[in-house]
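J.: below: sequence and its predicted model.
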Amino acid sequence: MKTFFKSAVASALLVSIAGIPVSVDAHVPLKHDTEYVIDGKIYGMPKAKIYREEYNGPAVVGDYVTMVPHLAELDYVGNKEHEVRMDVFSQKVEVAPGVSYNAWTFGGTVPGPVLHVREGDRIVFKMKNRSTEEVVITKPFKGAAPFYQQVANTPLQKHEPVIAPMPHSMDFHSGTVAADDKWATIAPGETIEFEWIANYPGTYMYHCGTSSVLMHTAMGQYGAVVVSPKEGYPTDKDVDHEYVIVQSEMYLSQMGDDYIYDHSAALARDPSHVVFNGHVAALSENPLRANEGDRVRIHFLNAGPSGTSSFHVIGAIFDRVWAEGDPRNTWYGMQTVLLGASSSATIEFIVPEEGRYTLVDHEFADAERGAGGLLIAGPRKK
Amino acid sequence: MKKWLGVMAWVVAAQAAAEPVTIPAGPYQPIVVLDETVAELAMPAFKLDATPVTFAQYLDFVTKHEKWRKDKIAAIFHDGHYLANWPAALTIPEGYEKKAVTQVSWFAARAYCAAQGGRLPTLNEWEYASLVYRQQQGLSDQAYAQRLFGWHSNPTAYSLQDMELNHSQLAYMHDRVNEWVDDFQLLITAGDETDILSGSCGDSARFLTDTGEASYATFFRYQSRSNYRPQSTTGTLGFRCAYDME
Amino acid sequence: MNKSTMAALLMLSLGWVSASAQQAPQHHHDHSHHVTMEAASVNQSDSIYHLDGLWQTHRGETIELSQLQGSPVVISMIYGNCATACPVLVNDARRIYSALPPEYQQHVKLVMVSFDNDRDTPAALADYVERYQLNESAWTFLHGNDTDIRTLATVLGIRYRLRDDGNFDHSNLITVLDKHGRIVERIEGLNRPVEPTVAVLKKMIDAGHAHAH
């Protein structure tokens, strides 16, 4: 086992060699000789590795990796190194009753898995391009992320393995790295491995960055990383429920019995469906739950690929909103949050009464195409 | 005459390649602009296999050229999955005689074509032939784009369909397999900085003469294939051979 | 470039030329030390010397690439009419060579392969060698046919394209091969630091001597 923690002296030396005048945090864990620190943030990750491996393990690995709308609890203090795997492969998924398409996915779902980390954590990420394989995700798998069990419990997308060989890549908006190295495209059968540091708190999109990004994202390759702030949000102790919602557009047209990607519609920004968490019924078949008087936090990401979202909860006012999820960007008392593509907000509201609260994209052309959901509130707990 | 030859070839031995078709010389305007100074190329005539190479034809090749058997091929020429679905070195999967051969690397495809006295077509030759085919078939831009996007939606189902082999014109250009070309790895350069178009962004517009769906679909074929390694093998990537005019 | 970067590059290059990486990629660079046999035939499955084809040197000899085996090779691809990047690539190879201690230099070959089958005849390449004073016996400039040029470039990961104006667009890449013809390091870009490459070459040459005795 390598020593991850270098002394402050060594860090200071490294920085002074680089000639960058900064203050060095004695507790910042440096791991590689390439790394350096500016304002307490770590940069200079080593080069990505691309190689071939025989791998038959679970496609999604990581203790803090879940399926939307779930968010794993960070049950550790301070910072941690996460080993995360999200393989890329094709999967038939349903987005509306009777409408399925062969998606390109991270981990088999649309949107892909949610990764939860803390500001300052290190992520050692691995991804194999398994687009040449049939990968089954509907059965629990030893050593897999909690994501797997949650998928098995949530059959709404009706996942079926599909083989559709295609080069892919992974672009984490939450990482600060050289994109041509870490976000490199890998051919079918190859594995890429790289590290990044969650330097900034917030809710971030990840997606396939392989040209054409429009088609790769429209085919289903996106998801959310939630980087919780080091010092937390000011309301942390009052929050009763924490959920993740990812909004996205689908551009599908019918060909025979199948639905395929419609590029003209994608260019015209004329979606066939706009969905929360990948299905028109994701949040009505499986509504969010809370109780009267609860403080609910939603990490809301608009993945696009091209549309905006005007998120609103009917009957509630957003007590606090942190733009992009950064606790320094606080808004108060908002009825609607407008988000461009790949933009996010961490939203909190008090559930005022027992009852049903509809979640919508208040751009009603989108809501009518599926961008709606439900929160059901039970009675007030004393 | 050609048709008769084709039929005979098929009857006598499924392995024998059907007569390649002549692609006439003509002007060609690439849809993907790799060289900003060149809008039109004068393509010389060449010959191209009417159909992708089949499993039966490829079996004939590896029988004669031991070096390319799955149990003999050097590691540098493939990714470990070369002819992965063959039950044995000289046995193709049952019922695959008339399907387009897949799980072949670029090196193997080139070796096959060289053994037939041909070569892989260049990118420009293949795309020029694709335009000729679209004209022959009366394939509108929209129908063409839909065919390609449909293929991308379920490429395995397309690649596993049988082919009729007695064609006197080009066939199966867009609805069986994606096909290797000799110069599949794209690049453009800006001064000494090379941009290998391996694709880190949605910036296709600077390479396209128009942003219509047909051009985009063509670009997507170029671009995704450009991200393969020469060792790559998949179940949806095959090839056909080109030949110089005598 | 430091050690870990280099190791990553090593894995990158070995990763995609080795057929079935059953082991973790980290183990791959050890293989060169396991092999002690010197064979005339190409005995490494991931050697680039499996490429066939005949090449002409600037000295007028006809060779196969496999004749380069037996010592480490620094190889790149250029063309003679290229005024910008190619002289830098040649100079980068020279910088690597010059940075080696003299007793190591004799064990290294520097191979420059031309993209330009038409103009870079063996005689033209000899002129090039003369012009840039690359007279050390370590240098070999190669002229080949278009098919073999394309094969070699592709196996090395060098992309190139002949432009309408007669120039070539190409990647700037120097590759280090071990004595068996396996890719052990790739240096992307121009004017890169030579120290890591020199260290790799010295290590391979030292290992070769240890086995010889």
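T.: Good, I have the coordinates. Numbers count the residues shown, from 1 in each chain, chains lettered A, B, ... in the order given.

J.: now do the contacts for the closest residue in space to B:L59 that isn't next to it in sequence.
T.: Of all residues not flanking B:L59 in the chain, B:I92 sits nearest, at 5.2 Å (C-beta to C-beta, 6 or more residues apart in numbering or on different chains). To be clear about C-beta, it is placed using only N, CA and C from the backbone, and glycine gets the same treatment. Residues counted as contacts of B:I92 (C-beta atoms under 8 Å, 6 or more residues apart in numbering or on different chains) are B:55-56, B:58-59, B:86.

J.: closest to B:H174 out of those?
T.: Nearest to B:H174, judged by C-beta to C-beta, of those is B:F55 at 20.1 Å.

J.: how close does that closest one get to C:N191?
T.: 49 Å (C-beta to C-beta, to the nearest Å).

J.: so between those two, which is more surrounded?
T.: Remark: of B:F55 and C:N191, B:F55 carries more neighbours, 24 against 12, as counted by other C-beta atoms under 10 Å in any protein chain shown.

J.: what residues does the more buried one make contact with?
T.: With contacts taken as C-beta under 8 Å, 6+ apart, B:F55 has the following neighbours: B:92-93, B:96-101.

J.: filter those to the buried ones?
T.: Restricting those to buried positions leaves B:92, B:96-101, with burial counted as 16 or more other C-beta atoms under 10 Å in any protein chain shown.

J.: of those, closest to A:H312?
T.: The shortest approach to A:H312 among the buried ones among the contacts of B:F55 belongs to B:A100, at 51.7 Å (C-beta to C-beta).

J.: what's the closest non-adjacent residue to the residue nearest the centre of chain C?
T.: When chain C is reduced to its mean C-alpha position, the closest residue under C-alpha atoms, centre = their mean turns out to be C:I75, at 2.0 Å. Excluding its sequence neighbours, the residue lying closest to C:I75 (C-beta to C-beta, 6+ apart) is C:V111, at 4.4 Å.

J.: same check, this time on A:M45
T.: For A:M45, the nearest residue in space outside its immediate sequence neighbours is A:E195; the separation is 5.0 Å by C-beta to C-beta, 6+ apart.

J.: name every strand pairing with the helix or strand that neighbour falls within and say which way it goes.
T.: Assigned by DSSP states H and E, A:E195 belongs to strand A:190-197. On the basis of DSSP bridges, the sheet neighbours of strand A:190-197 come out as strand A:49-52 (antiparallel), strand A:122-128 (antiparallel).

J.: check the offset of the following helix or strand past that strand from the chain's centre.
T.: Tracing the chain past strand A:190-197, the next element assigned as helix or strand by DSSP H and E is strand A:202-207. Computed by C-alpha atoms, centre = their mean, to the nearest Å, the chain-centroid distance of strand A:202-207 equals 5 Å.

J.: could you do stretch C:47-60 as well?
T.: Between the centre of stretch C:47-60 and the centre of its chain there are 12 Å (C-alpha atoms, centre = their mean).

J.: ends of it, how far apart?
T.: Using C-alpha to C-alpha, to the nearest Å, the end-to-end distance of stretch C:47-60 comes to 25 Å.

J.: that stretch vs chain B: in contact?
T.: Yes. Contact of stretch C:47-60 with chain B is found when judged by C-beta under 8 Å from any C-beta of the partner chain, involving C:47-48, C:50.

J.: just to revisit the earlier point, shouldn't the residue nearest to the centre of chain C be in contact with C:G157?
T.: No. The pair formed by C:I75 and C:G157 falls short of the contact definition of C-beta atoms under 8 Å, at 11.7 Å.

J.: any residues in contact with both of the two?
T.: The overlap between the contact sets of C:I75 and C:G157 (C-beta under 8 Å, 6+ apart) consists of C:T175.

J.: quick one: the helices in the chain?
T.: Going with chain A. A:8-18, A:146-153, A:179-182, A:213-218, A:263-267, A:282-285, A:364-367 (DSSP state H).

J.: I was thinking of chain B, sorry if that wasn't clear
T.: When secondary structure is read from DSSP H, chain B shows helices at B:2-12, B:55-64, B:106-115, B:123-137, B:141-153, B:155-159, B:213-226.

J.: now these in JSON lines, with distance to B:D71 and mean pLDDT?
T.: Written out in JSON lines, the entries for the helices of chain B read as follows (distance: least, C-beta to C-beta, whole Å; pLDDT from 0 to 100):
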{"stretch": "helix B:2-12", "distance to B:D71": "29", "mean pLDDT": "39"}
{"stretch": "helix B:55-64", "distance to B:D71": "10", "mean pLDDT": "98"}
{"stretch": "helix B:106-115", "distance to B:D71": "14", "mean pLDDT": "97"}
{"stretch": "helix B:123-137", "distance to B:D71": "31", "mean pLDDT": "96"}
{"stretch": "helix B:141-153", "distance to B:D71": "32", "mean pLDDT": "94"}
{"stretch": "helix B:155-159", "distance to B:D71": "24", "mean pLDDT": "96"}
{"stretch": "helix B:213-226", "distance to B:D71": "28", "mean pLDDT": "88"}
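
J.: okay, now the unreliable bits of the chain?
T.: Looking at chain A here, since you left the chain open. For chain A, applying pLDDT under 70 flags the ranges A:1-28.

J.: my question was about chain C, not that one.
T.: Checking chain C against pLDDT under 70 turns up C:1-41, C:43, C:210-213.

J.: residue numbers of chain C in contact with chain B?
T.: Taking C-beta under 8 Å from any C-beta as the test, the list of chain C residues beside chain B reads C:16-21, C:42, C:45-48, C:50, C:84-85, C:88, C:147, C:150-151, C:154-155, C:159-161, C:163-165, C:169-172, C:190.

J.: now, those that are in helices?
T.: With helices taken from DSSP H, the overlap with those comprises C:85, C:88, C:147, C:150-151, C:154-155.

J.: pull the number of nearby residues for C:H107.
T.: The burial metric for C:H107, expressed as a neighbour count using other C-beta under 10 Å, is 19.
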